[in-house]
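Novice: can't give you the sequence, but here's the structure:
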């Protein structure tokens, strides 16, 4: 396409993350006119830049499809690998930690900057979330201002910056900041100690936002808005919803990591968690990562310094037809009941049941405690190893509740209009209804193959049946005895102390 023919040098942050890596593969596979991609990478210890590229990027199965398009490794190296220029840096450092030489290098020819680097953890202390997601973004914008040939800057945010606006249609705009003046808020936060930030999180942030991640992303957007004219950058904001496995490219089911819906699938697959806090009637908003990457690349066309503010693009499905919690939970349960048990499975009790918020903590503790105690009684070493791997899954099961009991409807008019004019290789088909039963099957198959690293039968077909997921709850004496008058938020944070596991 003409835009990338003329603007064929990209600077990418976050290229080793799920979205960034998938985006890199898409660029290399579908935009041959791109001549060079600067890839900001952090190296520690004995790591080398090229080593990270070879192992974490091109060593990933994500690139298997692209490799088949070339006759041999030498041709793949000459036509693909050489385009990726690793640049040592770190978004937590001024000037992104780049050397003077590297900065001058990217200044010579960078025309598009895609900022994907972020911490997506829901459990980060506020100082960490602000350092990476807010201050790291501001540092990236500072570097962008030194790029004389820059035609577009794509900032990847999240639709859940507007998580307080639940049960309504959320437009592609920046709503008023709910904490007052964003510049004053940022100045105040920047002067706080770690203890003060922890207090602010508890007393202010968590009364509006579900976690520090969405708060830090929201603050960043509002700082972009207040500084837009002064920065004079051709910036656009892309807000994905819950990012799921690839629907088709480069292979259906491609995924990595244990965040969001992957955590539910993994915990079910391993027989670790059977009860989740949730409302089966709520609509979820899941966007396949390959559809998102196409929209990101198209959004770059709309960067314009002359605009009064940055264009905003929601990339999601709830505005058209998203899946219900009921549908996805049924598919997760029945997939893992149908396939051979994964090697790491801890329990044969494979269920996905939902419990209302009023009872979730007691029900979850009940079940988790029983399973972990059983493992310790048979094989202490195995249980200890399992706990380490399950720590992240457990935290996701605890902190993802906000997105299981609430729903949003994100208007995607801007993104859909842009998608309508996209060339075939970048058309995400956002206006096409997704077969959520098929996608749910693909989702679990992808987790099975790419996260659990097991062979899967892609010809497998399951006759999914959709039955109620919500369980009635009868508290046991043990659970009843642990009840207290602590706030729900404090209870959730203390849940791990009620479980005989070092999670």
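Specialist: Noted; the coordinates are in hand. Computed from a predicted model, the values in this text were never measured in an experiment.
Novice: switch to C-alpha atoms for all contacts and neighbour counts from now on
Specialist: Will do.
Novice: buried stuff in whichever helix or strand residue 187 is part of?
Specialist: When elements are assigned from DSSP states H and E, residue 187 belongs to helix 182-190. Residues 182, 186, 189 are the ones in helix 182-190 that count as buried (16 or more other C-alpha atoms under 10 Å).
Novice: How about stretch 136-151?
Specialist: 136-144, 147, 149-151.
Novice: what distance separates the start and the end of that stretch?
Specialist: End-to-end span of stretch 136-151 (C-alpha to C-alpha, to the nearest Å): 21 Å.
Novice: so where's the protein shaky on pLDDT?
Specialist: Scanning the chain for pLDDT under 70 picks out 363-375, 382-399, 476-503.
Novice: make it 80
Specialist: 1, 359-400, 473-503 (pLDDT under 80).
Novice: quick one: contacts for residue 171?
Specialist: Taking C-alpha atoms under 8 Å, 6 or more residues apart in numbering as the contact definition, residue 171 lies against 410, 411, 412.
Novice: Format the residues you listed as CSV; extra columns: neighbour count and secondary structure.
Specialist: What follows is these, written out as CSV (neighbours: other C-alpha atoms under 10 Å; DSSP: H, G, I helix; E, B strand; the rest coil):
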residue, neighbour count, secondary structure
410, 29, strand
411, 22, coil
412, 23, coil
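Novice: Pretty sure residue 12 sits in a strand.
Specialist: Yes - assigned with DSSP: H, G, I helix; E, B strand; the rest coil, residue 12 falls within a strand.
Novice: give me the beta-bridge partners of it?
Specialist: Under the criterion DSSP bridges, residue 12 forms beta bridges with residue 39, residue 114.
Novice: Quick check: it vs residue 298, distance?
Specialist: Applying C-alpha to C-alpha, the value for residue 12 to residue 298 is 15 Å.
Novice: Please say which of these two ends up with more neighbours.
Specialist: Using other C-alpha atoms under 10 Å as the criterion, residue 12 and residue 298 rank with residue 12 on top: 25 against 22.
Novice: Next, work out how far apart the more buried one and residue 116 are.
Specialist: 7 Å.
Novice: now swap in residue 195 and tell me
Specialist: 29 Å.
Novice: what about these two, which has more around it?
Specialist: Set side by side, residue 195 and residue 116 show more neighbours around residue 116, with 23 against 10, by other C-alpha under 10 Å.
Novice: what sits against the more buried one?
Specialist: So residue 116 contacts 12, 13, 14, 15, 19, 20, 155, 156 (C-alpha under 8 Å, 6+ apart).
Novice: Using JSON lines, please lay out the residues you listed together with distance to residue 47.
Specialist: JSON lines is the format used below for the contacts of residue 116 (distance: C-alpha to C-alpha, whole Å):
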{"residue": "12", "distance to residue 47": "20"}
{"residue": "13", "distance to residue 47": "18"}
{"residue": "14", "distance to residue 47": "17"}
{"residue": "15", "distance to residue 47": "16"}
{"residue": "19", "distance to residue 47": "22"}
{"residue": "20", "distance to residue 47": "20"}
{"residue": "155", "distance to residue 47": "28"}
{"residue": "156", "distance to residue 47": "27"}
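Novice: Just give me the closest of the residues you listed to residue 378.
Specialist: Using C-alpha to C-alpha, residue 19 comes nearest to residue 378 of the contacts of residue 116, at 40.0 Å.
Novice: Please report the distance of the closest one from residue 267.
Specialist: 22 Å.
Novice: Please apply the same query to residue 306.
Specialist: As judged by C-alpha to C-alpha, residue 306 and residue 267 stand 48 Å apart.
Novice: Quick one: the helices in the stretch 351-500 of the chain, in order.
Specialist: Here the stretch 351-500 of the chain has its helices, by DSSP state H, counting those that start in this stretch, at 360-378, 380-399, 413-420, 436-446, 477-481, 488-493.
Novice: do the stretch 101-250 of the chain as well
Specialist: 126-129, 136-144, 182-190, 194-203, 212-231.
Novice: what about stretch 4-18, start to end distance?
Specialist: End-to-end for stretch 4-18, by C-alpha to C-alpha: 23 Å.
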